[in-house]
Structures are given as structure tokens and as C-alpha cells.
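In: sequence and predicted structure are below.
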Amino acid sequence: MKIAVYPGSFDPVTYGHVDIVERAASIFGKVYVAVIKNPDKKENFDFKTRQKMIKGAVKYLKNVVVEIFDGLLVDYAKKKNASAIIRGLRAVSDFEYEFQMALTNRKMCPDIETIFFMTDYKYAYLSSSMVRQISKLGGSVSGMVPHNVEKELKGG
Ligand code: ADP
């Protein structure tokens, strides 16, 4: 059975992330969605809430497990016996960062391949930071994030 890990901050999870999880889950036997405990970017939701939101959003996918991880991604992937790291691609702007990260991870662990999934065009513009901004300004994020996330953004 092929195993993959899909790491991210998921702050909060959007339908763009869910789209990538679905694509990965249809190809891999098992997918670990790995919520980064301490993202580089300033976080909005703490890691437990970020995990809870994504768990709720993908609970219908039976081969997906949502965990928290800390430390080096390649070490986590090895522990899970994963052969692939999944990342999502939106516009060209994602490329530079993703390219650098994929090659760095390959240098550290040549056995694990980074695989990119292209998001559905409907979600190509969607980012967690945009969702946070809209929500803070009182706008509707309906259709951008799963219902359980909408509720959480409104204060639970
Ligand atoms: P990170 O801090 O690791 O970039 P994110 O939660 O921002 O964490 O993103 C995790 C992964 O999901 C990244 O590969 C990112 O490119 C991808 N992603 C984010 N938003 C979308 C989207 N709307 N469609 C497809 N992929 C996305």
C-alpha cells in the first residue's frame, strides 16, 4: 500500500486543501494530513483547532488520517513509511517556494518523492490568509471553506 503525507499549516483548511486531499486519497492507499505544529508564518488558530477543523472537513475520506507534526518533515514521512510528500499548486507564485522545498527534502531524503497536485480552477485563487482577512472584516467565506470551518471562524 502506497502511503503519502500532505503537510501544511491549514490555518484554516479551505476547499482548496480539501480538493488536494481528495485527489491524493484517490491515488494513495493512505494519506496522512500533517498539520505543522509551529508554522513559520504567524498562526491564527492553534494547532489543535487547525487539526480539529481539517478532521471535520475530511472525515468522509476513510483512508485519510489527520495528525500534528513537529520537526523535520522527512523524518515524519519516514516514520509513517510514506513514499511521497503531497503539495498543492495554485498559480505560478507557488512554484518558487515549492521547488526549493521539494529539492531540499530530496537532498535530505532521496527515497521520498514530492508530488504536486493541481487544484481545481474553482479554488486556484483561494488561500487561508485571504479567508482569514475576509472573515475578520465581516465578509462571507461561504463556498471557500467547509461548513465546520465557517462556524469556527464565527467563533465556534
Ligand atoms: P504551508 O504553510 O505549508 O504552505 P498551507 O496550509 O498554506 O501550508 O498550504 C499547504 C499546501 O496546500 C501547499 O502545498 C499549498 O500550496 C497548498 N494549497 C493551499 N491553498 C490551496 C488551494 N486553494 N488549492 C490547492 N492547493 C492549495
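Out: Received it, and whenever you're ready, just let me know what you need. This is a predicted model, so every value here is computed, not measured. Numbering: from 1, shown residues only.

In: going by C-alpha atoms from here, please, whenever you check contacts or count neighbours.
Out: Noted.

In: up against the ligand, what does this protein have?
Out: Residues of the chain lying close to the ligand by CA under 6 Å from any ligand atom are 8-11, 16-17, 87-90, 119, 123-124, 126-127.

In: break down the chain into its strands, ranges please.
Out: Ranges of strands in the chain, per DSSP state E, are 3-8, 30-36, 64-69, 84-89, 113-118.

In: mind putting the ones you listed into CSV with distance to K136 and mean pLDDT?
Out: Shown next, in CSV, are these (distance: least, CA to CA, whole Å; pLDDT from 0 to 100):
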stretch, distance to K136, mean pLDDT
strand 3-8, 22, 98
strand 30-36, 23, 97
strand 64-69, 26, 97
strand 84-89, 25, 96
strand 113-118, 28, 96
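
In: what's the closest of those strands to M101?
Out: Closest to M101 of these is strand 113-118 (CA to CA; 9.2 Å).

In: give me the sheet partners of the closest one and which way each runs.
Out: Partners of strand 113-118 in the sheet, by DSSP bridges, are strand 84-89 (parallel).

In: put the alpha carbons of the strand it pairs with into PDB.
Out: Output in PDB follows, covering the C-alpha atoms of strand 84-89 (Å, rounded to 0.1, in the frame of the first residue of the first chain):
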ATOM      1  CA  ALA A  84       5.500  10.600  -1.200                       C
ATOM      2  CA  ILE A  85       5.000  14.100   0.100                       C
ATOM      3  CA  ILE A  86       2.000  15.800  -1.400                       C
ATOM      4  CA  ARG A  87       1.800  19.500  -2.100                       C
ATOM      5  CA  GLY A  88      -0.800  21.600  -3.900                       C
ATOM      6  CA  LEU A  89      -0.100  24.100  -6.700                       C
END
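
In: any idea how far the ligand is from V31?
Out: Distance of V31 to the ligand, computed by CA to the nearest ligand atom, to the nearest Å: 14 Å.
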